[in-house]
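Peer 1: Here's a sequence, model it:
(chains A and B)
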There are 2 protein chains.
Amino acid sequence: MQRYFTNNKPNNHTIIIDGDDYSHITKVMRMKKGDKAYICSEGLTYLGEIAQINSQDVVFKIIKEIEEKKELNVDVCIAHGIVRREKMEEVIEKVTALGANYYLPVEMERCNAKMHEEKKDKKISRLNKIAKEAAEQSHRTRILEVLEPISFKSFLDYSKQFDILLVAYENTNIEENLKKVLNKENIKNILILIGPEGGISEMELKTLIDHHFIKVSLGPRILRTELAPVYIMSVIGYEWETR
Amino acid sequence: MQRYFTNNKPNNHTIIIDGDDYSHITKVMRMKKGDKAYICSEGLTYLGEIAQINSQDVVFKIIKEIEEKKELNVDVCIAHGIVRREKMEEVIEKVTALGANYYLPVEMERCNAKMHEEKKDKKISRLNKIAKEAAEQSHRTRILEVLEPISFKSFLDYSKQFDILLVAYENTNIEENLKKVLNKENIKNILILIGPEGGISEMELKTLIDHHFIKVSLGPRILRTELAPVYIMSVIGYEWETR
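Peer 2: Numbering: from 1, shown residues only, chains lettered A, B, ... in the order given. You can find the predicted model right below:
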């Protein structure tokens, strides 16, 4: 069944869908009065039935609240050295389906892609739309948020709010085993940094270590910058959801 | 450093690279006498230096054998309901980087893509080329093999040679926990079946269970048919390589 996210709140056993999803419901899916869909609002999921189709919105009658356990018990932010648009889109789609909550583009030394100031807002809004669609398709009850790109320096400040800070580094001389790190107790949130295509510079790595980042290996094979976030999110989902 | 796979064997401390890689070395990389590369032959890796460039091959002098531990200790075959070409290519590239050894397209009830008999050989050969390139880029010492597509019935016969048979099924009523299954002792090889976009039919699932397949969940969110193999290979790599 189709699933729609909305910022609108339930009111008197109804909930309203408007904007792009209005067009999706009426033009793409050609739904009619009486058709059903799941509506996600504020982390809750409702089974709704179309009660009325207006010129700019659809009114769903709420049949019942659905109990779903779709979200990870740990809040994960994927920080990623800025990569080309298509790769960013691919990563956002996949890590959303795997349960990540934030995607943060970071300006790093070896980035060979940029987010131009004048196009930034449009780009971020497009990326957030991709996250919304991926959340719908993967049946999440929460949408990953794509954050504004930040400088490496600001990223170090940003990192202070997290319980566990990880940096993926393709080197076999790793002091910390990923499994040991992920099995520490009482982890509420994780920040993981993946370098851009050019990798992480020695200087950046040193700075990260000084700021309490833990260097972890994602295995002995070299993973492309768009595959590394998918590996780590798969593993986090697996560790948390098969316990 | 560049990495090339060859079926040629070392002979008198030299090894020859020909075919497509000859063009890659001379035309794309424009390498010269004295330039170095890694050469993988029969599962071993050599550091080689170009001794001679001929009109159709390059002779590498072997400087030394490199000790590498790039391969998983478990032989994994990803069986996949036939999907569209682009999705197949994407999956093959990614699961190769993650250490899988075989990719087997399976004809299933709900496949909405086909491999036409007359184009099959060309298609398989193209897919194997993608696997070779992905093996080079991820620094593997072995190349994933893309197998000829088979019928569901033949697949059941094929499955008999494996220690563990898994089928990914998006349903929360799963009797077996994936972590428990992967942590069984003495697993030498794993066959995992992922359904096509349309999923696995009830009838197929029943038949699989009758043939000793274990139904496993890849988490509570719905993963697309091209993401599920990547999730499972990430998790297998993680389980085997962080022990």
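Peer 1: mind listing what residue A:149 touches?
Peer 2: By C-beta atoms under 8 Å, 6 or more residues apart in numbering or on different chains, the contact list for residue A:149 reads A:82, A:104-107, A:115, A:120. Glycine gets a C-beta too; all of them are placed from N, C-alpha and C.
Peer 1: Distance from stretch A:16-24 to the middle of the chain?
Peer 2: Relative to the chain's own centre, stretch A:16-24 is displaced by 22 Å; criterion: C-alpha atoms, centre = their mean, to the nearest Å.
Peer 1: That should have said stretch A:40-47, apologies.
Peer 2: The chain centre lies 18 Å from the centre of stretch A:40-47; the measure is C-alpha atoms, centre = their mean.
Peer 1: related to what we said a few turns ago, list the ones among the contacts of residue A:149 that fall in strands.
Peer 2: Cross-referencing these against strands under DSSP state E gives A:104-107.
Peer 1: coming back round to it: now distance to residue A:169 and neighbour count too, for the contacts of residue A:149, in TSV please.
Peer 2: Output for the contacts of residue A:149, formatted as TSV (distance: C-beta to C-beta, whole Å; neighbours: other C-beta atoms under 10 Å in any protein chain shown):
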residue	distance to residue A:169	neighbour count
A:82	18	19
A:104	18	19
A:105	19	26
A:106	15	23
A:107	19	17
A:115	24	16
A:120	29	14
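Peer 1: how about the residues you listed in TSV, adding distance to residue B:100 and pLDDT?
Peer 2: TSV is the format used below for those (distance: C-beta to C-beta, whole Å; pLDDT from 0 to 100):
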residue	distance to residue B:100	pLDDT
A:82	30	97
A:104	30	98
A:105	30	98
A:106	31	98
A:107	35	97
A:115	34	86
A:120	38	92
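Peer 1: out of the ones in strands among the contacts of residue A:149, who's nearest residue B:93?
Peer 2: Closest approach to residue B:93 among these (C-beta to C-beta): residue A:105, at 23.5 Å.
Peer 1: The closest one is in contact with residue A:89, isn't it?
Peer 2: No - using C-beta atoms under 8 Å as the test, residue A:105 is too far from residue A:89 to be in contact (12.0 Å).
Peer 1: what about residue A:97, how many neighbours?
Peer 2: Look at residue A:97: counted by other C-beta atoms under 10 Å in any protein chain shown, it has 27 neighbours.
Peer 1: Quick check: the residue lying closest to residue A:71 once chain neighbours are set aside vs residue B:198, distance?
Peer 2: Spatially, and ignoring its direct neighbours in sequence, residue A:71 is nearest to residue A:142 (5.6 Å; C-beta to C-beta, 6 or more residues apart in numbering or on different chains). Between residue A:142 and residue B:198 the distance, using C-beta to C-beta, to the nearest Å, works out to 27 Å.
Peer 1: Spell out which parts of chain A neighbour chain B.
Peer 2: Contacts of chain A with chain B, taken as C-beta under 8 Å from any C-beta of the partner chain, map to A:68-70, A:94, A:97-99, A:137-140, A:177-180, A:219-224, A:227, A:230-231, A:234-235, A:237-238, A:241-243.
Peer 1: mind listing which of the residues you listed are in strands?
Peer 2: In strands, defined here by DSSP E, there are no members of these.
Peer 1: Now list the buried members of those residues.
Peer 2: A:68, A:70, A:94, A:97-99, A:137-140, A:178, A:219-224, A:227, A:230-231, A:234-235, A:237-238, A:241-242 (16 or more other C-beta atoms under 10 Å in any protein chain shown).
Peer 1: Next step: those residues restricted to helices.
Peer 2: Counting by DSSP state H, the part of those found in helices is A:94, A:97, A:137, A:178, A:230-231, A:234-235, A:237-238, A:241.
Peer 1: list the contacts for the residue positioned nearest the centre of chain A?
Peer 2: In chain A, the residue lying closest to the centroid (C-alpha atoms, centre = their mean) is residue A:144, at 3.4 Å. For residue A:144, the contacting residues are A:92, A:95-96, A:100-103, A:131, A:134-135, by C-beta under 8 Å, 6+ apart.
Peer 1: Identify the farthest-apart pair in those.
Peer 2: Comparing all pairs in the contacts of residue A:144 by C-beta to C-beta, the longest separation belongs to A:102 and A:134, at 13.8 Å.
Peer 1: okay, the two: which has more neighbours?
Peer 2: A side-by-side neighbour count of residue A:102 and residue A:134, using other C-beta under 10 Å, places residue A:134 first with 23 against 17.
Peer 1: for chain A, which spans come out with low pLDDT?
Peer 2: Within chain A, the segments meeting pLDDT under 70 span A:171-175.
Peer 1: what about 90?
Peer 2: Counting by pLDDT under 90, chain A has low-confidence residues at A:1, A:42-43, A:67-69, A:112-118, A:170-177, A:242-243.
Peer 1: And the strands in it?
Peer 2: For chain A, strands defined by DSSP E occupy the ranges A:3-6, A:14-18, A:36-41, A:44-53, A:57-66, A:75-81, A:102-107, A:145-146, A:150-151, A:164-168, A:189-194, A:214-216.
Peer 1: show me the contacts for residue A:8.
Peer 2: Contact analysis of residue A:8 by C-beta under 8 Å, 6+ apart lists A:15-18, A:41.
Peer 1: let's see it at 10 Å
Peer 2: The contact partners of residue A:8, by C-beta atoms under 10 Å, 6 or more residues apart in numbering or on different chains, come to A:14-19, A:39, A:41-42, A:57, A:60.
Peer 1: same question, residue A:2
Peer 2: With the criterion set at C-beta under 10 Å, 6+ apart, residue A:2 makes contact with A:21, A:24-25, A:28-29, A:31, A:35-39, A:136.
Peer 1: Which of these sits closest to residue B:150?
Peer 2: Of all the contacts of residue A:2, residue B:150 sits closest to residue A:136, with 34.5 Å by C-beta to C-beta.
Peer 1: Quickly list what the residue nearest to the closest one when sequence neighbours are not counted is bridged to.
Peer 2: Leaving aside its sequence neighbours, residue A:136 sits nearest to residue A:3 (C-beta to C-beta, 6+ apart; 4.7 Å). When bridges are called by DSSP bridges, residue A:3 pairs up with residue A:38.
Peer 1: which of the contacts of residue A:2 count as buried?
Peer 2: Buried among those by 16+ other C-beta under 10 Å: A:21, A:24-25, A:31, A:35, A:37-39, A:136.
Peer 1: buried set for stretch A:141-161?
Peer 2: Residues A:141-147, A:149-150, A:152, A:155-156, A:158-159 are the ones in stretch A:141-161 that count as buried (16+ other C-beta under 10 Å).
Peer 1: and which of these is nearest residue A:194?
Peer 2: Lowest distance from residue A:194 to the buried residues of stretch A:141-161 (C-beta to C-beta) belongs to residue A:155, with 12.3 Å.
Peer 1: Okay, the closest one and residue A:198: tell me how far apart.
Peer 2: Plainly put, residue A:155 is 17 Å away from residue A:198 if you go by C-beta to C-beta.
Peer 1: Counting neighbours, what do you get for the residue nearest to residue A:63 when sequence neighbours are not counted?
Peer 2: Using C-beta to C-beta, 6+ apart and skipping the chain neighbours, the partner closest in space to residue A:63 is residue A:47 (4.6 Å). Residue A:47 has 16 neighbours, counted by other C-beta under 10 Å.
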